[in-house]
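>>> Take this sequence and fold it.
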Amino acid sequence: MGTTTIRAEHVGSLLRPAELVAARAGFRRGAMTAERLRELEDAAATAALRLQEDAGMQVFTDGEVRRDDSMASVVEIGAPFYRRTPLSLAEARWLAGNARGPYKITMASPTVAAGFWRPGVSSAVYPPPEDAVAAPAGIYRQDIADLLGAGVTWLQLDSPAYWATVGPEAARMRRVQDLDGRLGHVIDTDNSLIRAARSHRPGVTVAMHFCRGNVRSAGSALGGYEHIAERVFGEVEVDRFLLGYDTERSGGFESLRFVPPTKTVVLGLVSSKVAELESVDALRRRIDEASQYIPLEQLALSPGCGFASAGQGNPLTVEDQRRKLELVAETARLVWG
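Numbering: from 1, shown residues only. Below you'll find the model as predicted:
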């Protein structure tokens with residue numbers, strides 16, 4: 001199955017078992033061995049794979065159950081960034097031996113580091129915020145080389161930095177004065193990673209998820225994609241865009257007219273933030289609306305974000321999560337066959 005025909009997808013993170021969350025806290029206190037923690041992580045990843053397979057997903061992750069959050073390879077500002085043992089490489093090796101189908105590795109874009117930069121604190125290490133992005137970008141390029149060397153064929157960048165450029169209100173919240181300049185820097189940084197990946201493996205699939213805030217179901221971006229759509233959809237060199245459209249704050253589908261014919265848009269129409277289940281008919285109507293601006297064969301379906309961007313996850317049950325994934329797969333079958 002080619003990546004362009006994969007219609008049912010999820011963003012990456014899945015709810016972590018309470019036992020695993022407690023075990024990781026115990027490990028930090030010295031009350032849990034690394035070996036026992038790894039056993040629990042492997043068990044949680046196995047359960048995550050089984051859930052995705054049973055629900056009908058067409059591309060898999062390990063649920064990001066080995067991570068505390070999406071920043072899997074670097075630590076945040078206050079001192080210079082340094083490379084930790086990359087969890088994404090452990091994920092890739094495990095998935096290569098266990099996933100019965102295509103799998104992807106998710107990585108937070110290094111542009112997220114700009115949001116950690118603080119005057120008087122970070123400036124002692126990285127005087128301009130741009131330096132705080134360049135440092136982790138170098139680390140990520142090392143991670144990408146190792147991942148592709150381990151056989152990974154699908155990467156997904158999770159990029160929350162774009163929401164600060166979707167309009168004046170978001171820019172004020174993030175103290176962005178040069179909105180177009182910030183947007184250009186974010187695009188250039190992400191493209192540098194995408195090009196690095198393709199230099200190692202020309203056929204690699206690269207996707208980008210536009211994260212609009214998700215810690216414990218809290219959103220942080222208000223506004224549609226219209227202001228940035230022409231540049232982002234035209235200039236960011238990915239194969240797939242995963243776009244959150246699960247709330248009204250995401251705006252309409254008009255901006256999809258700027259998506260080139262070579263790229264797929266994965267519509268994040270199913271909420272991962274609330275337990276209430278959307279209806280198949282409502283999802284099909286919204287897909288029909290989107291297809292007025294972009295051909296149906298360029299579309300796919302997913303939840304709007306992950307289910308557990310941070311350790312505790314969103315306030316849904318595992319059963320709620322299963323029903324959401326099944327809904328995505330069922331709707332995709334009905335729409336695309």
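>>> Which helix or strand in this protein has the lowest average pLDDT?
helix 168-173 (a mean of 62; mean pLDDT, DSSP states H and E).
>>> continuing past that one, what's the next helix or strand?
helix 179-200 (DSSP states H and E).
>>> got the angle between the helix or strand just after that following helix and helix 179-200?
Note on helix 179-200: by DSSP H and E, the next helix or strand toward the C-terminus is strand 205-210. With axes from the mean of the first three to the mean of the last three CA atoms, to 10 degrees applied, the angle from strand 205-210 to helix 179-200 works out at 160 degrees.
>>> Quick one: list the elements packing against strand 205-210.
Contact partners of strand 205-210 among helices and strands, from 3 or more CB pairs under 8 Å, 6 or more residues apart in numbering; DSSP states H and E: strand 154-158, helix 179-200, strand 240-244. Every C-beta, even on glycine, is put in place using the N, C-alpha and C of the backbone.
>>> most tightly surrounded among the ones you listed?
Of the helices and strands packed on strand 205-210, the one with the most neighbours on average (mean count of other CB atoms under 10 Å) is strand 240-244, at a mean of 26.
>>> for that one, packing partners?
Using 3+ CB pairs under 8 Å, 6+ apart, strand 240-244 sits against strand 205-210, strand 264-270.
>>> quick one, which of those is nearest to Leu316?
Each of the helices and strands packed on strand 240-244 has some distance to Leu316 by CB to CB; the shortest is strand 264-270, at 11.6 Å.
>>> and the closest one, how far from the chain's centre?
Relative to the centre of its chain, strand 264-270 is centred 12 Å away, using CA atoms, centre = their mean, to the nearest Å.
>>> Residues touching that strand, excluding its own?
Contact partners of strand 264-270, identified using CB atoms under 8 Å, 6 or more residues apart in numbering, comprise 3-4, 9, 11, 207, 239-246, 256, 259, 278, 283, 286-287, 290, 294, 298-305, 324, 327-328.
>>> just checking, next helix/strand downstream of it?
helix 280-290.
>>> next structured bit after that next one?
Taking DSSP H and E, what comes next after helix 280-290 is strand 299-303.
>>> Tell me where the stretch 51-200 of the chain has helices.
87-98, 129-149, 168-173, 179-200 (DSSP state H, counting those that start in this stretch).
>>> Mind telling me which of those helices the model trusts least?
Here the helices of the stretch 51-200 of the chain differ in mean pLDDT, and the lowest is helix 168-173 at a mean of 62.
>>> bridging residues for Arg240?
Ala207, Thr264 (DSSP bridges).
>>> In contact with it: list those residues for me.
Shown in contact with Arg240 (CB under 8 Å, 6+ apart): Thr3, Gln156, Thr205, Val206, Ala207, Met208, Lys263, Thr264, Val265, Val266, Ala300.
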